[in-house]
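Visitor: Provided below for reference: sequence and predicted model.
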Amino acid sequence: MYEVEEDTTATTTTETTTKTASKDGGSKQQQQEKKPSEFMRVQRLFRQQTKNARGKVLPKDKRPPVDYSIVLDFSNLDKNTEENKALVIDYTDLVDKSDAGASEYYAHPSTWRVYGIKDYPGFYFIPSPFTSSQQKKWVKDSLEQYANVPNNTNINLFYGPVKDLWQHGQQEMITEHQQLSNQLLSDDDDNQETSTTSRPLDKDGKELPPYRELLDKLAWATLGYQFQWTPRIYSRDFYETFPDDLQDLVQKIAMATKYDPYIAEAGTVNFYSEDSVMGGHLDDAEEEMEKPIISLSFGASAVFLLGAETRDIAPIPLFIRSGDIVIMGGRSRYCYHGVAKIVENSFNVDLVDEADETFKYHIQWLREKNRRINVNTRQVFKKKEENNNSTCTTTSSTQ
Ligand SMILES: O=C(O)CCC(=O)C(=O)O
Ligand SMILES: [Fe+2]
């Protein structure tokens with residue numbers, strides 16, 4: 001990861017989750033003359049017009065709707081086009097149901113439905129096996145723990161370590177809320193408390209912006225072996241403890257889909273908001289490519305593009321909704337993929353419960369910008385025992 005094709009005609013979408021820009025660039029003009037790939041052609045089908053012909057920003061309810069009719073939908077198989085229906089394979093009966101590992105964090109694997117896609121052996125899709133409160137647990141962990149020191153985030157890289165980013169941001173939201181209600185009660189503008197305490201400093205000695213602003217910029221966090229985006233390597237020198245319960249969950253998923261033993265050694269947590277996209281890319285920095293990427297998503301729905309080994313083949317667009325699990329193994333582990341669109345007004349309203357104080361601000365923050373959290377895990381290194389049994393004897397290393 002990550003070498004993306006730049007959408008040279010895009011004016012409105014923000015590629016917030018791109019970690020390094022395309023390096024094969026050339027000038028803007030040269031790029032505009034270059035024929036877009038098939039991957040890009042399909043990606044653009046989901047680009048919403050946000051400005052009118054005179055360049056004026058269109059309010060959200062005046063934007064021409066995006067046509068989602070060709071998007072494969074595993075959560076409603078009957079509604080799919082005939083072409084998409086022909087692509088779906090039901091693997092539910094093959095799932096390893098023997099495991100008695102019930103957990104409070106997800107439904108038992110024996111109740112999961114598991115689907116695949118024709119010509120992509122090793123790719124699996126599990127429509128959400130989580131209740132709303134189980135989904136909220138993963139959202140809370142993503143914000144409070146995963147996007148916190150000692151893990152790397154785009155915020156920590158830029159400003160230096162920011163401890164408890166979410167917790168501070170949430171405190172700002174609570175204070176803001178209280179000030180608003182005090183103001184309404186007293187009907188007195190002069191009554192506003194103005195903070196006189198100085199702000200903490202960043203790594204260059206400059207005052208940190210309000211945590212709320214930093215949270216708006218949060219785009220990614222890394223887990224376990226902290227991926228080094230510039231040299232594009234994992235290094236044994238940069239490892240932080242991988243969360244136990246996430247390890248347990250992905251191991252159960254690996255067992256159910258016959259990918260065990262699977263050890264999640266690294267992960268990426270992506271934070272999307274309403275206008276984010278993730279360009280087509282390959283995740284090929286892991287030494288161990290025979291083990292899948294296991295990916296969990298929460299919040300708004302996305303149009304995910306599952307491509308092929310080159311960008312010259314049109315990708316299959318599919319919906320990923322809150323709670324869905326995608327397992328990119330087998331052929332799909334070597335295929336281009338990306339996120340073309342965060343679907344308008346698609347936030348999972350089942351997560352909203354104003355009375356539930358534990359998650360109130362997490363969900364409010366996600367919902368206000370139709371945000372989506374994607375947590376994906378990878379096994380980075382080949383394990384010796386498996387190498388002995390395997391026909392493949394290469395011991396190549398990314399380091
Ligand atoms: O957000 C997603 O569903 C995909 C994320 C992804 O491809 C990545 O982090 O490498
Ligand atoms: Fe990826």
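Guide: Thanks, I have the structure now. Ligands and ions are numbered 1, 2, ... in the order given.
Visitor: Going by C-alpha atoms from here, please, whenever you check contacts or count neighbours.
Guide: OK.
Visitor: So the residue in the stretch 251-399 of the chain that ligand 1 sits nearest to: helix, strand or coil?
Guide: The minimum distance from the stretch 251-399 of the chain to ligand 1, using C-alpha to the nearest ligand atom, falls at N374 (5.0 Å). Put simply, N374 is strand when judged by DSSP: H, G, I helix; E, B strand; the rest coil.
Visitor: ok, it touching N270?
Guide: Yes - at 5.0 Å, N374 counts as touching N270 under the criterion of C-alpha atoms under 8 Å.
Visitor: With neighbour numbers in mind, choose between the two.
Guide: Taking other C-alpha atoms under 10 Å, N374 and N270 do not tie; N270 has more neighbours (24 against 21).
Visitor: For the more buried one, which three-state class applies?
Guide: Recorded secondary structure, N270: strand (three-state DSSP).
Visitor: Spell out which parts of the stretch 251-399 of the chain neighbour ligand 1.
Guide: Listed as neighbours of ligand 1 in the stretch 251-399 of the chain under the rule C-alpha under 6 Å from any ligand atom: 268, 338, 374.
Visitor: and those as TSV, adding pLDDT and distance to S295?
Guide: Formatted as TSV, these follow (pLDDT from 0 to 100; distance: C-alpha to C-alpha, whole Å):
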residue	pLDDT	distance to S295
T268	98	9
G338	98	13
N374	98	7
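Visitor: May I see those residues arranged in CSV, with distance to V71 as well?
Guide: Listed next are these as CSV, based on distance: C-alpha to C-alpha, whole Å:
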residue, distance to V71
T268, 25
G338, 14
N374, 19
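Visitor: and K341, how far is that from Y211?
Guide: Distance from K341 to Y211, counting by C-alpha to C-alpha, to the nearest Å: 27 Å.
Visitor: So these two - more neighbours on which side?
Guide: Between K341 and Y211, K341 has the larger neighbour count (other C-alpha under 10 Å), namely 27 against 20.
Visitor: just for the protein, where's the confidence low?
Guide: 1-3, 10-33, 99-102, 187-196, 386-399 (pLDDT under 70).
Visitor: pull the longest helix from it.
Guide: Ranked by residue count and defined by DSSP state H, the top helix of the chain is helix 165-186.
Visitor: Quick check: buried residues in that one?
Guide: Neighbour counts over helix 165-186 (16 or more other C-alpha atoms under 10 Å) mark 165-166, 168-170, 173, 183 as buried.
Visitor: what helices or strands is it leaning on?
Guide: Helices and strands touching helix 165-186, by 3 or more C-alpha pairs under 8 Å, 6 or more residues apart in numbering; DSSP states H and E, are helix 211-217, helix 360-368.
Visitor: Taking helix 165-186 as reference, get the angle to the last one.
Guide: If I follow you right, that is helix 360-368. Using axes from the mean of the first three to the mean of the last three C-alpha atoms, to 10 degrees, the direction of helix 360-368 lies 90 degrees away from that of helix 165-186.
Visitor: list the buried ones in helix 360-368?
Guide: Quick answer for helix 360-368 (16+ other C-alpha under 10 Å): 360-367.
Visitor: Same question for stretch 218-235.
Guide: Buried positions in stretch 218-235, judged by neighbour count with 16+ other C-alpha under 10 Å: 218-227, 232-234.
Visitor: List the beta-bridge partners for the residue of the stretch 251-399 of the chain closest to ligand 1.
Guide: N270, S297 (DSSP bridges).
Visitor: check contacts around K341.
Guide: Counting by C-alpha atoms under 8 Å, 6 or more residues apart in numbering, K341 touches 46-47, 275-277, 302-304.
Visitor: Just confirm it is within a helix.
Guide: No - looking at K341 with three-state DSSP, it is strand, so not inside a helix.
Visitor: Now the spatially closest residue to it that is not a sequence neighbour: which helix or strand?
Guide: Spatial nearest neighbour of K341, chain neighbours left out: V303 (5.2 Å); criterion: C-alpha to C-alpha, 6 or more residues apart in numbering. Using DSSP states H and E, V303 sits within strand 302-306.
Visitor: Give the pairing partners of that strand; include direction for each.
Guide: Note on strand 302-306: by DSSP bridges, its sheet partners are strand 316-320 (antiparallel), strand 337-342 (antiparallel).
Visitor: mind listing the helices for the stretch 251-399 of the chain?
Guide: Ranges of helices in the stretch 251-399 of the chain, per DSSP state H, counting those that start in this stretch, are 360-368, 384-389.
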